[in-house]
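Student: any chance you could fold what I've pasted below:
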Amino acid sequence: MKAVVDRFENGYAVVLLGDEEIELTVAREFLPQEAGEGSWLKVRFELDREETEKQEARVRELLGKLQKKNSGLK
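Tutor: Numbering: from 1, shown residues only. A predicted model of the protein is given here:
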């Protein structure tokens, strides 16, 4: 996917994403240092399955603890 840096405002870049030019605000620090207004960027979102599974396990553990705690109150 392609995006273009439209402008900078208060430490953020306003980036127009894709053919629809969806406006996205990104912290300046996440862009390449040499990027400026009018710079074109390649954008890629990648699924992190390992982290997703890790967080799902964490949530299941927390829910289990809550259920255990609540069942003791009955």
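Student: any idea how far the helix-or-strand element of the chain with minimal mean pLDDT is from the chain center?
Tutor: When each helix and strand of the chain is scored by mean pLDDT, DSSP states H and E, helix 49-71 comes last, with a mean of 93. Centroid separation between helix 49-71 and its chain, computed with Cα atoms, centre = their mean, to the nearest Å, is 22 Å.
Student: which strand or helix spans the most centrally placed residue in the chain?
Tutor: For the chain, the residue lying nearest the average C-alpha position, counting by Cα atoms, centre = their mean, turns out to be Phe45 (8.8 Å). Following DSSP states H and E, there is no helix or strand that holds Phe45.
Student: okay, it: pLDDT?
Tutor: In this model, Phe45 is scored at 92, pLDDT.
Student: how close does it get to Lys69?
Tutor: For Phe45, the distance to Lys69 equals 37 Å [Cβ to Cβ, to the nearest Å]. (Each C-beta comes from the backbone N, C-alpha and C, glycine too.)
Student: stretch 16-24 - what's its average pLDDT?
Tutor: Rounded mean pLDDT across stretch 16-24 is 96.
Student: what sits up against it?
Tutor: For stretch 16-24, contacts defined as Cβ atoms under 8 Å, 6 or more residues apart in numbering pick out Met1, Lys2, Ala3, Val4, Asp6, Val14, Val15, Val43.
Student: residues contacting the last one?
Tutor: When contacts are counted by Cβ under 8 Å, 6+ apart, Val43 touches Met1, Lys2, Ala3, Leu17.
Student: weed out the non-buried ones from those residues.
Tutor: Buried by 16 or more other Cβ atoms under 10 Å: Ala3, Leu17, out of those.
Student: so which of the contacts of Val43 belong to strands?
Tutor: Secondary structure defined by DSSP state E assigns Lys2, Ala3, Leu17 of the contacts of Val43 to strands.
Student: output those as a markdown table; include the columns distance to Val59.
Tutor: Formatted as a markdown table, the ones in strands among the contacts of Val43 follow (distance: Cβ to Cβ, whole Å):
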| residue | distance to Val59 |
| --- | --- |
| Lys2 | 35 |
| Ala3 | 32 |
| Leu17 | 29 |
